[in-house]
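Visitor: sequence unavailable; structure follows:
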């Protein structure tokens with residue numbers, strides 16, 4: 001069972017444009033609860049059906065960036081073989097679907113912008129390039145024809161720990177049409193190369209490169225800790241002049257307040273740092289356990305120093321018992337302190353006051369209670 005189960009977001013974001021296989025989470029089964037959630041009719045769940053696990057493809061050899069042709073018949077009974085090459089732009093590994101660029105069945109001028117359509121993985125044939133066929137009887141010129149991979153083989157997959165992905169080589173063991181000179185040869189099929197990112201030309205709204213690379217940070221002129229030399233504390237007059245007149249020419253005022261002070265983060269780096277980071281949590285945990293060990297050693301030394309007729313093992317056991325009692329007392333004290341910090345003591349006082357006020361009100365109502373004279377009333381003889 002995997003550490004993390006399949007989620008709804010993974011199925012919704014199953015369409016990927018990356019040609020690399022980084023994990024095999026697309027082979028995980030869909031739970032019954034998740035399947036029921038996907039069957040709810042909504043715009044988000046549109047076309048989010050997944051194929052059974054046994055029908056999913058583990059190692060994909062048709063990836064974004066490849067050129068393919070489609071097998072079988074298209075709408076209208078027209079075949080697509082040897083007609084058009086399509087570029088793969090994305091794949092859906094949960095549905096075994098391949099998305100091709102700008103593939104639309106409506107080619108009329110009013111069709112508008114073409115949209116990427118998807119087809120099943122089994123209908124795709126990889127394009128290997130154009131090759132010259134040998135001359136046949138009665139031919140004078142060699143034909144240059146497109147060659148496609150009819151059967152694809154792969155090498156043993158290897159995990160690349162540096163790039164964090166699975167890698168293998170793919171080759172065509174059978175081609176259409178057959179190449180006589182390479183009939184019994186495995187033709188290596190290179191993986192598509194990523195296109196370099198083309199950046200647009202800079203506009204007046206963009207920051208120039210020299211301004212981006214310019215170093216504007218200046219380190220503080222003195223150490224933010226008490227170990228280094230500290231500046232002189234300004235007088236009240238100097239402080240006020242520097243505060244209300246930043247262009248004052250006196251250098252001593254400028255050094256204090258007129259723009260050459262170091263950033264406040266240099267002095268508050270401890271306060272501004274995240275106290276809940278993993279490193280700081282681990283440091284606090286280690287300090288607590290170190291203090292517990294030191295306390296246990298102190299109890300053991302104290303008990304072993306005066307055995308009083310006991311063995312060393314019994315003395316150590318007595319020290320461990322006292323140590324555990326001390327930890328329980330410290331835990332109770334810590335709970336009480338945290339309860340007080342959270343306002344528990346004030347809350348308890350308010351409850352006590354409210355209870356007393358309620359009792360006083362009830363007592364006053366009973367004391368001022370008067371009954372109307374009715375025929376069925378009887379005054380006790382004791383009164």
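Guide: Nice, I can see it. Keep in mind that this is a model prediction, so the values were computed, not measured.

Visitor: now for the longest helix along the chain, which elements pack on it?
Guide: In the chain, taking DSSP state H as the definition, the longest helix is helix 312-341. For helix 312-341, the packing partners by 3 or more C-beta pairs under 8 Å, 6 or more residues apart in numbering; DSSP states H and E come out as helix 278-305. To be clear about C-beta, it is placed using only N, CA and C from the backbone, and glycine gets the same treatment.

Visitor: buried set for the lengthiest strand in the chain?
Guide: Longest among the strand segments of the chain by residue count, using DSSP state E, is strand 144-154. By neighbour count with 16 or more other C-beta atoms under 10 Å, strand 144-154 contains the buried residues 147-149, 152.

Visitor: with stretch 122-142 instead?
Guide: Within stretch 122-142, the residues scored as buried using 16+ other C-beta under 10 Å are 124-128, 131, 133.

Visitor: could you do stretch 179-189 as well?
Guide: 179, 187, 189.

Visitor: same question for stretch 349-359.
Guide: Quick answer for stretch 349-359: no buried residues (16+ other C-beta under 10 Å).

Visitor: same question, stretch 321-328
Guide: For stretch 321-328, using 16+ other C-beta under 10 Å, the buried residues are 322-323.

Visitor: same question for stretch 10-24.
Guide: Going by neighbour count (16+ other C-beta under 10 Å), the buried part of stretch 10-24 is 11, 14-16, 19-21.

Visitor: residues in contact with the longest strand of the chain?
Guide: With contact meaning C-beta atoms under 8 Å, 6 or more residues apart in numbering, strand 144-154 is reached by 59, 61, 69, 82, 85, 125-133, 168-177, 179, 186-187, 189.

Visitor: okay, now residue 88: neighbour count?
Guide: Residue neighbour count, defined by other C-beta atoms under 10 Å, stands at 23 for residue 88.

Visitor: helix/strand/coil for it?
Guide: Put simply, residue 88 is strand when judged by DSSP: H, G, I helix; E, B strand; the rest coil.

Visitor: ditto for residue 99
Guide: Assignment for residue 99 (three-state DSSP): strand.

Visitor: residues in contact with residue 14?
Guide: 26, 92-95.

Visitor: ah, wrong one, I meant residue 61
Guide: Neighbour list for residue 61: 126, 152, 154, 170, 189 [criterion: C-beta under 8 Å, 6+ apart].

Visitor: can you tell me how far it sits from residue 344?
Guide: Relative to residue 344, residue 61 is positioned 65 Å away (C-beta to C-beta, to the nearest Å).

Visitor: now do the strands in the stretch 1-150 of the chain.
Guide: Taking DSSP state E, counting those that start in this stretch as the criterion, the stretch 1-150 of the chain carries its strands at 15-16, 67-70, 86-92, 97-100, 117-120, 124-132, 144-154.

Visitor: so which of those gets nearest residue 322?
Guide: Smallest distance to residue 322 across those (C-beta to C-beta): 61.5 Å, for strand 15-16.

Visitor: and the closest one, what other elements does it pack with?
Guide: Using 3+ C-beta pairs under 8 Å, 6+ apart, strand 15-16 sits against strand 86-92.

Visitor: just the pLDDT for residue 21.
Guide: With respect to pLDDT, residue 21 has a value of 93.

Visitor: excluding chain neighbours, what is closest to it?
Guide: residue 166 (4.6 Å; C-beta to C-beta, 6 or more residues apart in numbering).

Visitor: that neighbour: what secondary structure?
Guide: Assigned state for residue 166: strand (three-state reduction, three-state DSSP).

Visitor: my guess is it contacts residue 156, does it?
Guide: No: the criterion here is C-beta atoms under 8 Å, and residue 166 misses it with residue 156 at 10.6 Å.

Visitor: of the two, who's got more company?
Guide: Neighbour totals were compared for residue 166 and residue 156, and residue 166 leads with 16 against 6 (other C-beta under 10 Å).
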